[in-house]
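Colleague: Need the 3D shape of this:
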Amino acid sequence: MNSLLLTYEGFQDQEVVYPYYRLLEEIDENGEVHLFANKLGRIFGILGCHVPCNRLINDLKEENKRAALLSSCSLLVLPGGVKALEKLRQEKYVLSFIEEWYKSGKIIASTCHGAQLMISAKITKGHVISGYYSIEDDIANSGATYSREPVVVSKNIVSSPHYDNMAVWMKTAVKLATQVL
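Modeller: The predicted structure is shown next:
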């Protein structure tokens, strides 16, 4: 299974490190986890953990690269991290990519403040969305119903409010993504 994860340096460590290594367990001999961020190589979270970034966020500006990702990947992960997400959600091409992914019907997994990317991409209306308690009003104002459940599945969106729920959130997202293949 090919998957991709969107973040920015200064991410919430638990919300990137766990999904990244969990997704590595799911790849087959030709699979890949595409970790997109603002720079290549080691990127660091706010607590000092690092992950190897192999793709630049700017790659999402290029139509042919976007199309290749849409056709070859089955899961998009939007981890939280307030500081990282504040930067990432300013990039309009990132938001349009998230919207394209959503419209393709493929699985989007978001946790904590990752819901803010979906709100900015305008894909939450009519869904039940779980996210960090401090963005409850943002989720409701986007036309979605807020939930504090550990994991919520609403059509092709799998959301979770906190990194305490990483295991059940990722298990659910991976299961759904492999069914979509």
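Colleague: pLDDT weak spots in the protein?
Modeller: Applying pLDDT under 70 to the chain flags the ranges 180-181.
Colleague: Now do the helices for it: every range, in order, please.
Modeller: Assigned by DSSP state H, the helices in the chain fall at 13-24, 63-72, 82-88, 92-104, 115-120, 136-141, 166-180.
Colleague: Buried residues in the first one, which are they?
Modeller: Meaning helix 13-24. By neighbour count on 16 or more other Cβ atoms under 10 Å, the buried set for helix 13-24 is 13-20, 22-23. Just so you know, the C-beta spots here come from the backbone N, C-alpha and C atoms, and that holds for glycine as well.
Colleague: again with the fourth one
Modeller: Using 16+ other Cβ under 10 Å as the burial criterion, the residues of helix 92-104 that qualify are 94-95, 97-98, 100-102.
Colleague: For residue 145, name its beta-bridge partners.
Modeller: Beta bridges link residue 145 to residue 128 when assigned by DSSP bridges.
Colleague: quick one: it and residue 131 touch, right?
Modeller: No. Judged on Cβ atoms under 8 Å, residue 145 makes no contact with residue 131 at a distance of 11.4 Å.
Colleague: residues near the residue nearest to residue 155 when sequence neighbours are not counted, how many?
Modeller: With Cβ to Cβ, 6 or more residues apart in numbering as the criterion, residue 155 has its nearest non-adjacent residue at 6.6 Å, and that residue is residue 127. Neighbours of residue 127 under the rule other Cβ atoms under 10 Å: 22.
Colleague: residues contacting residue 127?
Modeller: If you count contacts by Cβ atoms under 8 Å, 6 or more residues apart in numbering, residue 127 has them with 144-145, 154-155, 157.
Colleague: Equivalent analysis for residue 22, please.
Modeller: Taking Cβ under 8 Å, 6+ apart as the criterion, residue 22 is in contact with 166, 170, 174.
Colleague: For the residues you listed, give me TSV that also has neighbour count.
Modeller: Converted to TSV, those look like this (neighbours: other Cβ atoms under 10 Å):
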residue	neighbour count
166	20
170	24
174	23
